[in-house]
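Chemist: sequence and computational prediction follow.
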Amino acid sequence: MKTYISFSSSNLILKEKTLPIVKLTKSKNGETGTATFIFIKPSLFERNKCDTSTIEGMYLHWGDENINTQDIDLIFQDGKPFVLKSVLIFKNSKEWFNFLRFMTCYSKETGILFSEQNLFS
């Protein structure tokens, strides 16, 4: 897979296997917005035996491009990490359309449902 999500910027990149729930918001002028990624029981937790100290941020990779954020929240259940939530904030239309390019590639490779047309109505 050339398009993937990871939670570390190190040379040992572990691709996240769990597909996220992605919630999008967009400003009325279409210039800014947010993308909230929610991973329920991400494979990261299984690989690292619940060691959350290895999480550096969320990194979206496709081709030679990437987007990243350090806005990460963890939700615990019975003392163990259960949900990982990450938020990307888009400050201009260039960042927004860069994200749309990632999501288009990611949806083609993973089968996650994503439709650009619903974002503009």
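Modeler: Nice, I can see it.

Chemist: now do the end-to-end distance for stretch 6-17.
Modeler: One end of stretch 6-17 to the other measures 9 Å (CA to CA, to the nearest Å).

Chemist: ok, residues contacting that stretch?
Modeler: If you take CB atoms under 8 Å, 6 or more residues apart in numbering as the criterion, stretch 6-17 is touched by 1, 4-5, 39, 42-44, 47, 54-59, 61, 68, 72, 84. Using the backbone N, CA and C atoms, a C-beta is placed for each residue, glycine as well.

Chemist: so among the residues you listed, which ones count as buried?
Modeler: The neighbour count (16 or more other CB atoms under 10 Å) marks 4-5, 39, 42, 44, 55, 58-59, 61, 68, 72, 84 as buried among those.

Chemist: mind putting those in TSV, pLDDT, secondary structure and distance to residue 102 included?
Modeler: What follows is those, written out as TSV (pLDDT from 0 to 100; DSSP: H, G, I helix; E, B strand; the rest coil; distance: CB to CB, whole Å):
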residue	pLDDT	secondary structure	distance to residue 102
4	94	strand	10
5	95	strand	9
39	96	strand	16
42	92	coil	18
44	87	helix	19
55	86	coil	20
58	95	strand	12
59	95	strand	11
61	93	strand	8
68	94	strand	11
72	95	strand	18
84	96	strand	18
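
Chemist: and which of those residues is nearest to residue 90?
Modeler: The closest of the buried ones among the contacts of stretch 6-17 to residue 90 turns out to be residue 68 (CB to CB; 13.1 Å).
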